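Enquirer: mind looking at a prediction? Sequence and model below.
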Amino acid sequence: MTPPLALDAATGRIEAFGAVIDADSRADDLPPLFLKTWQMVTVEGRQVECVFATAGDTTTDRKAVELTLRFEQEQLASAFITLKPHRHRSLDSEAFHASVDERYRFHERWLASAGVPRQPARFCWGETGVARDRSENVHIYLHWTPRLVPEESGDGK
C-alpha cells in the first residue's frame, strides 16, 4: 500500500507512488512502477506522438488509485487520476453505470479537499476538473499549459 495521493493545486504538483510530478517532470525520470507506452494521438487536429506512463496501487486509506501521465515532445501535458473507494470496486455493469453520479461527486470532493472548490478551475500552471467519458468512467484531469522553448517564442532569442 502506498501513501495517499496528493495534489498541490497552487503549483499543479502531484505526489504519488514515490514520485513528485510537476510541469518539469520527464517520463524517463519516473519510478519503475510506471508502465510506459508510446502512442499517436490526435491533439487539436494534429497527430502527436505521446508517451503515456501509468501507475496504480491501493493507498493506505483503501482507495484504489490509477494515475496516467501524458507526455508530448518530452513535456508533461496531462494527468488523469481515477480514484475508487472500496465500495466502488468490483461493481457489476448495472451497478457501475448506476454509480456514475456518486463517483463523479467523489472525485469532486477529492479535488475540493486539494484546494479546488469548483471546476473546471484555471491556475497559472494550467487547469483541472472532473470528467466522465461515454463509458461512464470518471476521472480527474490536469492539463499543464505548454511552455514555449526559446526557438518557439517568435522573438528569435
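Expert: That came through fine.

Enquirer: surely Leu91 touches Ser99?
Expert: Yes. Judged on Cβ atoms under 8 Å, Leu91 makes contact with Ser99 at a distance of 6.3 Å. To be clear about C-beta, it is placed using only N, CA and C from the backbone, and glycine gets the same treatment.

Enquirer: contacts only, for the spatially closest residue to Trp144 that is not a sequence neighbour.
Expert: Using Cβ to Cβ, 6 or more residues apart in numbering and skipping residues adjacent in sequence, the residue nearest Trp144 is Gly126, 4.2 Å away. Residues in contact with Gly126 (Cβ atoms under 8 Å, 6 or more residues apart in numbering) are Gly12, Ala23, Leu142, His143, Trp144, Thr145.

Enquirer: after the helix or strand bottoming out on mean pLDDT in the chain comes which helix or strand?
Expert: Counting by mean pLDDT, DSSP states H and E, the chain has its least confident helix or strand at helix 93-98, which shows a mean of 91. Downstream of helix 93-98, the next assigned helix or strand under DSSP states H and E is helix 100-113.
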